[in-house]
Structure formats: C-alpha cells, structure tokens
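>>> How does the following fold in three dimensions:
(one chain, ligands or ions: 1)
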Amino acid sequence: MNTPTLAAERISIIGAGPGGLTCARILQQRGIPVTVYDRDTDSSTRNQGGSLDLHEEDGQLALREAGLLDEFFALARMEGQEMRMLDTTGEVLVSRMPDDDDTFAPEIDRGHLRELLLRSLEPGTVRWNRALESVTGPDSGPRSLVFADGSIVETDLVIGADGASSRVRPAVSDATPSYTGVSFLEAWFDDLDTSHPELAAMIGAGSALASDGDRALFAQRNSGDHMRVYIARREALNWMAEHDLRPDDTSAIRAHLLQEFSDWSPETLRMITDNDGAYVDRPLFALPAPHVWAPSPTVTLLGDAAHLMPPAGIGVNLAMLDACELALALAEADTVDQALRNYESTMFPRSSERAVELDGHADFLLDMGGPDALAGPPEMQR
Ligand SMILES: Cc1cc2nc3c(=O)[nH]c(=O)nc-3n(C[C@H](O)[C@H](O)[C@H](O)COP(=O)(O)OP(=O)(O)OC[C@H]3O[C@@H](n4cnc5c(N)ncnc54)[C@H](O)[C@@H]3O)c2cc1C
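Below is the predicted model of the structure:
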C-alpha cells in the first residue's frame, strides 16, 4: 500500500463520465486525493443519453468496489432487463424475460448513474467548464493540462477518461478514431404508455430490436415513461448533405427514412414516424484494434479514450471496470509507474480481445438475420 506517497501526487482525471467518476470515487475511498475536470458547464448541462445496462462481471463489480451497489439497485430498472427481438413486421421472434431475482444487467439512465457517482464524491472534486485542449510537458513529468479557457494546471498523473475524442490520447498514442460506416439516428418518445401505446406494447418493459441486414431499429425504455430509438443504417458520414437534408428539418429526414425502410410494416415504422422532437445524428466511430501504447509514468487512458468500439452494450461496463482496476492498482502499487503498468497489462488484452472481435466494423448492428438470428446481437447472447 502506497497511500502516503500517492497522497502527495497531483492526480488529474479528465472527464466526468462513468469511467472518470468511478475512478475518482474509488481513489477517494482509499484516501488518495484527485481532481476531475470536465468540459460540461455543470452536471446537468446536456442530456446524458440513453439507458445503460450494468453487467454483474464489470459495471456492477466496479460499483461494489465503490460501495455504491445497493444505491444502484435502488435506482435501477430491473424489469428493463427484458429484451425482445422483432422481425420487420413487429412480430416477436425472441423474448428474454428476466426472473424476479435476475440481476445480470439492470438498466439505469445515464444521467442517474452520473448523479449517483457525483453524490459519492467529496465536494469540489469536479471542476466543471474546463475543456482540455492538450497535455504538454515531459514524459517523466510534471505534466501541464492546457485548457480551452487559457488556464494551465500542473499535475503529476493524467488519467484520460475523456471519451471518444480524447484530448489526452495524443500524449501517448497517434491513433485516431475512424468512421465505421454505420450511423445511428436517435429518436425520442415522451409519455410512451399513454401517447404511444402500440409501441409500448411492441417493445415490452425493456428493449427491443429489429433488423433486416442493412438497417436496424433499437428501442429502449428510459425512466419517466420515455423511450429512445436508435435508427441504424449504413451511410456516408456526410449523408445529410449528400441528400440535401438539414439536421433541423425533421419532416424531410423522416421522408428520407421512410424510403429507406419502405419494406418494413407500418406498425414497426411507428418507431421512425411517431417520435417527439428532432432526430439526433450519431455516426459511430472506432479506434484501430488493438489499440495499445508504450508505457508512460505520467499518462494513461481508460474507457472510450483507450478503446473506442462500435456500441455492443459493453462500453460503459468496460470503462467502469478499467476505472476500478486503475484506482485499485494505484492504491496497491509501490510507485505510480508500477501501478500504470499493472493496470495496462490487464486492460490491454481485455479491451483488445473485444475490439478485435468487433474489428472496428459496426455491420453486426445491422445484421441479426441469417442462421444466428435467434442468438441475436452480442448483448442478447449473454
Ligand atoms: C449511440 C450510443 C449508444 C450506446 N449505448 C451503450 C449501451 O447501451 N451500453 C453501453 O455499455 N455502452 C453504450 N455506448 C457506449 C458508452 O456510451 C461508452 O462506452 C461509455 O460512455 C464510455 O464511458 P467513458 O467514461 O469512457 O466516456 P464518456 O461517457 O464519453 O465520458 C467522457 C467525459 O469526458 C468529458 N470530456 C470529453 N472531452 C473533454 C475535454 N476535452 N475536456 C474535458 N472533458 C471532456 C465529457 O463531457 C464526458 O463527461 C453507446 C455509445 C453510443 C455512441
């Protein structure tokens, strides 16, 4: 245990996402001071995105280590573990109903998870409105954090938990994410049970997905009687411009989608036509696989910053497991250098295996037909 030495280190985490906050919580629990910087102006600046299912073997494991598992279960939607696979007419092909005592992947809104983690931190741990531009300084340290507002903070260890477009990553790696060729368009539904009863009945209490090999619809219930649908298609990165569409022209985008999904049933197409508000374009990027870097004693990465992959229902779980293992490695090793090597020696093979499996492509998200149809996507095979 090296807490006295580490207590003297200035540890900075960039990113108050699930990975960065989990790491900060476990470090603080072990008496290790840490500061988190995030570009958001405060904890509720932007819609944090959809529902996340935390798995027993990684996301939940990290929360247990953080002493937050019971609070998680109090907030989580256990019924959200129900998952259906539909055909393009909306008929249910496969349904996985959780038993009453199942805890393999309870759902929680991303915003609720962030609040749970934030509440657990010492006041003032997170410095909001601090968008990192770059990390400078020698590999041996100290490092300088250069922020967009012109401020510079000197630090001994930088933990990059700043997601897909990490500004910490260039300090250890030249890799940049590439577009996978698949885009999600996000649609949002309010008052699902009362305003969209047919859709509510079709998707059940958790998530539902339908695909035809070239396109797919992923529907997921969120808390507060909301539903989010990801409309997945193979598209050019600039598909809107290519088709003379503007992001705020919801009717024109809807008409375009209806052409693309012309052979799907009207019942299923409600997931495209009946949404409340605008669509949000979310092109999917991935880092080259495997992504590793030469050890640095002053910088490391976790979560999407380290191993951005197409979404297969594991991203947040891997980020939280990374965070947990890194914090424990720092609490237990004799030096920071040794702790980072210990952490990376486990994280690299684990993330590389998953990333190589997905191979930077997101085509699997569109193709749940064929011989493996009943097994469904990776998330459903658990
Ligand atoms: C459409 C979509 C759906 C997904 N669905 C799922 C799912 O169902 N289940 C699942 O497990 N995973 C899912 N994922 C993946 C999951 O969202 C990520 O793997 C996970 O959020 C990674 O966590 P993180 O903490 O590493 O990074 P993030 O959650 O991206 O957090 C990064 C944080 O860093 C901050 N930040 C970014 N840049 C800077 C900067 N320059 N300076 C300061 N702060 C900065 C951000 O504000 C943010 O708070 C999905 C991804 C997408 C795109």
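
>>> going forward, measure contacts between C-alpha atoms and count neighbours the same way
Fine.

>>> quick one: the biggest helix by length in the chain near the ligand?
The residue-count maximum for a helix in the chain (DSSP state H) belongs to helix 336-358. No - on the criterion CA under 6 Å from any ligand atom, helix 336-358 is out of touch with the ligand, staying 11.5 Å away.

>>> For that helix, list the C-alpha coordinates in CSV.
Output of helix 336-358 as CSV, limited to C-alpha atoms (Å, rounded to 0.1, in the frame of the first residue of the first chain):
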residue,chain,number,x,y,z
VAL,A,336,2.7,5.3,-10.0
ASP,A,337,4.8,3.9,-12.8
GLN,A,338,4.3,0.3,-11.5
ALA,A,339,0.6,0.9,-11.0
LEU,A,340,0.1,2.1,-14.5
ARG,A,341,2.0,-0.9,-15.9
ASN,A,342,-0.1,-3.3,-13.8
TYR,A,343,-3.3,-1.7,-14.9
GLU,A,344,-2.4,-1.6,-18.6
SER,A,345,-1.1,-5.3,-18.5
THR,A,346,-4.7,-6.4,-17.7
MET,A,347,-6.6,-3.7,-19.6
PHE,A,348,-4.8,-4.0,-22.9
PRO,A,349,-5.5,-7.7,-23.6
ARG,A,350,-9.1,-7.4,-22.3
SER,A,351,-10.1,-4.5,-24.5
SER,A,352,-8.1,-5.7,-27.5
GLU,A,353,-9.9,-9.0,-27.5
ARG,A,354,-13.3,-7.2,-27.6
ALA,A,355,-12.1,-4.6,-30.1
VAL,A,356,-10.6,-7.2,-32.5
GLU,A,357,-13.8,-9.2,-32.2
LEU,A,358,-15.8,-6.2,-33.4
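
>>> Of all the residues in that helix, which ones are buried?
336-344, 347-348, 351-352, 354-355, 358 (16 or more other CA atoms under 10 Å).

>>> same question, stretch 99-117
Here stretch 99-117 shows 103-114, 116-117 as buried, counting by 16+ other CA under 10 Å.

>>> again, but for stretch 208-221
Quick answer for stretch 208-221 (16+ other CA under 10 Å): 208-212, 214-221.

>>> which residues does the closest residue to Ala362 other than its chain neighbours contact?
The shortest distance from Ala362 to any non-neighbouring residue, by CA to CA, 6 or more residues apart in numbering, is to Pro310 (5.6 Å). Each residue near Pro310 by CA atoms under 8 Å, 6 or more residues apart in numbering is listed here: 180, 284-286, 358, 360-362.

>>> how would you label Pro310: helix, strand or coil?
Following DSSP: H, G, I helix; E, B strand; the rest coil, the label given to Pro310 is coil.

>>> Let the chain start at 330 from now.
Got it, the first residue is 330 from now on, which makes the last one we talked about Pro639.

>>> For the stretch 330-479 of the chain, just list every one of the helices.
Using DSSP state H, counting those that start in this stretch, the helices of the stretch 330-479 of the chain run over residues 332-337, 347-358, 388-394, 398-404, 439-448.

>>> most packed of those helices?
Highest mean neighbour count among the helices of the stretch 330-479 of the chain (mean count of other CA atoms under 10 Å): helix 347-358, with a mean of 26.

>>> Ala641 and His690, how far apart?
11 Å (CA to CA, to the nearest Å).

>>> who has more neighbours, these two?
His690 (20 against 15; other CA atoms under 10 Å).

>>> Quick check, Ala537 in contact with Arg413.
Yes - the pair formed by Ala537 and Arg413 meets the contact definition of CA atoms under 8 Å, at 4.5 Å.

>>> Excluding its own residues, what touches stretch 598-608? List them.
With contact meaning CA under 8 Å, 6+ apart, stretch 598-608 is reached by 514-519, 525, 528, 546, 548, 558, 560, 576-579, 583, 586-587, 590.

>>> Only the C-alpha atoms, please, for it, written as PDB.
The C-alpha trace of stretch 598-608 is given here as PDB (Å, rounded to 0.1, in the frame of the first residue of the first chain):
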ATOM      1  CA  LEU A 598     -42.300   2.200 -38.700                       C
ATOM      2  CA  ARG A 599     -44.000   4.000 -35.900                       C
ATOM      3  CA  MET A 600     -40.500   3.900 -34.300                       C
ATOM      4  CA  ILE A 601     -39.400   6.300 -37.100                       C
ATOM      5  CA  THR A 602     -42.500   8.400 -37.700                       C
ATOM      6  CA  ASP A 603     -44.100   8.900 -34.200                       C
ATOM      7  CA  ASN A 604     -41.200  10.400 -32.400                       C
ATOM      8  CA  ASP A 605     -41.400  13.600 -30.300                       C
ATOM      9  CA  GLY A 606     -38.900  16.300 -31.400                       C
ATOM     10  CA  ALA A 607     -36.000  16.200 -33.700                       C
ATOM     11  CA  TYR A 608     -33.700  13.400 -34.700                       C
END
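
>>> Next, see if it gets close to the ligand.
No - under the criterion of CA under 6 Å from any ligand atom, the ligand is not reached by stretch 598-608; the shortest gap measures 12.4 Å.

>>> Check which residues of that stretch are buried.
598, 600-602, 604, 607-608.

>>> List the contacts of Phe590.
Phe590 touches 544, 598, counting by CA under 8 Å, 6+ apart.

>>> Just the pLDDT at it, thanks.
Per-residue pLDDT puts Phe590 at 96.

>>> Check Ser540 too.
Model confidence at Ser540 (pLDDT) stands at 94.

>>> Check the one 3 residues further on too.
At Asp543 the predicted local distance difference test score is 92.

>>> Equivalent analysis for Val475, please.
Reading off the confidence values, Val475 has pLDDT 98.

>>> Tell me how far the closest residue in space to it that isn't next to it in sequence lies from the ligand.
In space, Val475 comes closest to Ile481 once its chain neighbours are excluded; the distance is 4.7 Å by CA to CA, 6+ apart. Counting by CA to the nearest ligand atom, to the nearest Å, the separation of Ile481 from the ligand is 13 Å.

>>> Sounds good, over and out.
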